[in-house]
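Student: build me a model:
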Amino acid sequence: MDAPLQLSRRCLLKGSSALVVAFSLAPHLEALAQDAAATKPVSLDQVDTFLAIDDKGMVTLYAGKVDLGTGVNIGLVQIVAEELDVPLANVSLVTGDTALTPDQGPTYGSQSIQSGGMQIRQAAATARNALLDQAAQRLNVAKDDLAINEGVIAPKAGGTGVAYQDLIGGKDFMLKVDPAAPMKSPADYKLVGKPIARRDIAEKLTGKFTYMHDFRIPGMLHGSVIRPPALGATLQNVDESSIKDVPGVVKLVRDGDFLGVVTETEWAAVRAARELKTTWSDSETLPEQEKLWEHVRTTKILKDDVTSNIGNASAALAASGKKLSASYDFAIHTHGSIGPSCAIAEFKDGKLTSWTASQATHALRKQLAKMFSMALGDVRCIYVDGAGCYGRNGHEDAAADAALLAKAVDKPVRVQWSRADEHGWDPKVPPILIDLRANVDASGNVTAWESEFFIPQGAAGTVDLVAATLSDKPVDGVLSPGGIIGDSAIGYKFPNIRTVCHRLETTPLRPSWIRTPGRMQNTFANECFLDEIAAAASADPLEIRVKYTDPADKRGLDLLDHLATLSNWQKRPSPQKNTSGNIVKGRGVSYVKYELVRTYVGAVVEVEVDRTVGNVRVTKVYVVHDCGQIINPKGVQAQIEGNVIQTVSRTLKEEVTFDRSMVTSLDWASYPILTFPELPEIVIELIDRPTEKPWGAGEPTAAVVPSAISNAIFDATGARIRSVPFKATKLQPILRSIM
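Tutor: Numbers count the residues shown, from 1 in each chain. Purely as a prediction, here's the structure:
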């Protein structure tokens, strides 16, 4: 084994300031020299892509996944430290740098641990196995008679060992990742499964952490973009003299309908963008908001995706029994990132470097290369933490803005979006409409379930960059709303099921995804409609879920049993009887096996409803969560809490408003979110299964929250609300109709 461990190209990197070590107080200030970075492998089949061990035994992990504030970084470090048997403090992390890290796909879909982490684990297992082989030769001891402790391999029987740095320090592994390399037994874990604290929290709490918004590079200028007042409007005239009194203006940049200004200071950029006088054409491309669902229902259907077809649902619906039907809708949402999007770009020696909070730096790299007709190898994207990102918000667009302005002035340019930029121009979660039908026989059994989902075409992909579109530069030109057909099929064992997704040609506003795209909306409709069936059959809402869960699905049944115990569930049909007073209380349940193939999660929500005005307050949320092997329970708990808080906000408050021309909810007053006094108490039980595969925890809990809230409102009042958000203006008329 001595021969393959060659002198490493890492000596070429030692003098560079570019290694982005996560958890450091500030990212690097300069890009790593491209010739040095080019020597670093990034293909997914190489151990050196993921790992390096220096001459002091310190381990560097290179991960294509990034931490969007969810704490995944510490989980990735735990995986590597565990598999290599090194102290946690000996592992540093480089993430999201296209020159140094592999393309493990965007950071979405709850895949960071489930997919990216397991690629890293296998690479670490391959490295561990190779180091044991090397040590066996060096020590002349059988491999099975060796043990590893804190990066030192020694005979189990005792005696002198050899440290990792003595075997490979500063050298390449030059090994392919071996999918058969043995991994540590969970019974031997010391770090995985432990609630280890994140390394970034102290700096974030004290304001010392460097976010993208705080990041600077020497010699940079500042840019602002002047947006059209209406979607589809074209630029008619620009009065450059209107900003002649703004100090520090470097250049006014016009490229087609893209208009920006570059200045010496950030305030000058803000002033110039506000004071520049422009003339634009009129444009009315959006539907009337009050007719949104009529618009969705009448939009051209390009194709149907049949996501389940069991038995003969149409025939079973026509048979005798109680017929139920309902329509559910889920409003357009914006990402509402607390820190508006920001980026820095620099063109140097014909190459582009973009510092960005993008969740998909490798995909953004391809988009920027296409936009500027550059070779992919001449574009580098480097991740710097953003202040909030659950889905594809405006970070990529800010990166394109900065790049276009930087090219125009041949200097690095920083672009900081405003709140109005963020709410007005980030891509949106598309509106989703669902029709459901069911038949219940005389014995209270569900004999048929049928559903239709009206959702835009497309899947997860790249969202066209605003700057590229306005300047008429190359774009992919496809809709990318995310994987929004997920959880349209249901996991319950009904004899006849048909679920169809009507894929629509267009959708209002530029679509992308937010946390739990499609799965939240689809689960909302499915789990509420099951509650409607339970009420029609006078069945307990939790018991009906147990009844129709596959008896072979022991984990699903176990989770529902744990949920009943955790929430002290009292069996009875909903709604509850004999309520009195203006303030009434109720509880609702929801459950899903995420995408029918992974993480199990169930929730019970308790609400208070003011029947006089229709206000809803979520007071308590119980969650039971089974994502298989848990890497870091603190991290999973934080993910669940974030899911609950964000989704309660989306369910009760959030809705994009617009007129025929443009988004009108451009601030926190017109797009309110949940406040601290409105936070519910959250009670969580984690079911850890150390010998099972680890599944994602970033999204699944969000899927069950809206339906659990709706079901709780019904339990409290007898009023069924089927339209998100659950604003008082919607609920009050329903309450009045049943009082």
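
Student: ranges for the strands of the stretch 101-250 of the chain?
Tutor: In the stretch 101-250 of the chain, the strands defined using DSSP state E, counting those that start in this stretch lie at 146-149, 152-155, 162-163, 221-225, 235-239, 249-255.

Student: show me what the fourth one is in contact with.
Tutor: Contacts of strand 221-225 from elsewhere in the structure, counted by C-beta atoms under 8 Å, 6 or more residues apart in numbering, are 250, 253, 258-266, 268-270, 272-273, 401-402, 405-406, 409, 411-416, 421, 467. Every residue, glycine included, has its C-beta placed from N, CA and C.

Student: still on that earlier bit, and among the strands of the stretch 101-250 of the chain, the most buried is which?
Tutor: Among the strands of the stretch 101-250 of the chain, the stretch with the highest mean neighbour count (mean count of other C-beta atoms under 10 Å) is strand 221-225, at a mean of 26.

Student: give the rounded mean pLDDT of that one.
Tutor: Strand 221-225 shows a mean pLDDT of 98.

Student: quick one: that strand to strand 249-255, angle?
Tutor: Counting by axes from the mean of the first three to the mean of the last three C-alpha atoms, to 10 degrees, strand 221-225 points 40 degrees away from the direction of strand 249-255.

Student: off-centre distance for strand 221-225?
Tutor: 28 Å (C-alpha atoms, centre = their mean, to the nearest Å).

Student: just the CA trace of it, in PDB.
Tutor: Below are the C-alpha coordinates for strand 221-225, written out as PDB (Å, rounded to 0.1, in the frame of the first residue of the first chain):
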ATOM      1  CA  LEU A 221     -17.700  48.300  -5.600                       C
ATOM      2  CA  HIS A 222     -21.400  48.200  -4.900                       C
ATOM      3  CA  GLY A 223     -24.300  47.700  -7.300                       C
ATOM      4  CA  SER A 224     -28.100  48.000  -7.300                       C
ATOM      5  CA  VAL A 225     -30.500  46.900 -10.000                       C
END
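
Student: tell me the contacts of the closest residue to L175 other than its chain neighbours?
Tutor: In space, L175 comes closest to V47 once its chain neighbours are excluded; the distance is 4.6 Å by C-beta to C-beta, 6 or more residues apart in numbering. Residues in contact with V47 (C-beta under 8 Å, 6+ apart) are 123, 126-127, 130, 173, 175-177.

Student: ok, now with 10 Å
Tutor: Neighbour list for V47: 41, 122-127, 130, 172-178, 181 [criterion: C-beta atoms under 10 Å, 6 or more residues apart in numbering].

Student: buried among those residues? Make that a PyMOL selection.
Tutor: This is the PyMOL syntax for the buried subset of the contacts of V47, where burial follows 16 or more other C-beta atoms under 10 Å:
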select buried, resi 41+122+123+124+125+126+127+130+172+173+175+177+178+181
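
Student: among the contacts of V47, which ones are in helices?
Tutor: Among the contacts of V47, the members falling in helices (DSSP state H) are 122-127, 130.

Student: so where is this protein shaky, pLDDT-wise?
Tutor: 1-38 (pLDDT under 70).

Student: just give the closest residue to Q289, not the sequence neighbours.
Tutor: Closest to Q289 by C-beta to C-beta, 6+ apart is F658, at 5.7 Å.

Student: need the contact list for the one you found.
Tutor: F658 neighbours (C-beta under 10 Å, 6+ apart): 231, 286-289, 292, 332, 424, 428, 508-509, 664-665.

Student: one more pass at 7 Å, please.
Tutor: F658 is in contact with 286, 289, 664, counting by C-beta atoms under 7 Å, 6 or more residues apart in numbering.

Student: check contacts around the closest residue to G169 other than its chain neighbours.
Tutor: Spatial nearest neighbour of G169, chain neighbours left out: D55 (3.8 Å); criterion: C-beta to C-beta, 6+ apart. Residues in contact with D55, defined by C-beta under 7 Å, 6+ apart, are 165, 169-170.

Student: cool, C528 as well?
Tutor: C528 makes contacts with 328, 707, 710-711, 722, as judged by C-beta under 7 Å, 6+ apart.

Student: A helix includes it, no?
Tutor: Yes - counting by DSSP: H, G, I helix; E, B strand; the rest coil, one finds C528 located in a helix.

Student: picking that back up, out of the strands of the stretch 101-250 of the chain, which gets nearest to A319?
Tutor: Among those, the nearest to A319 by C-beta to C-beta is strand 221-225 (59.7 Å).

Student: now do the SS call for Y62.
Tutor: strand.

Student: now it: how far from I74?
Tutor: When distance is defined by C-beta to C-beta, to the nearest Å, Y62 is 16 Å away from I74.

Student: might one say that R138 is in contact with A163?
Tutor: No - taking C-beta atoms under 7 Å as the contact criterion, R138 and A163 are not neighbours in contact, 10.8 Å apart.

Student: leaving out chain neighbours, which residue sits closest to F454?
Tutor: L433 (4.2 Å).
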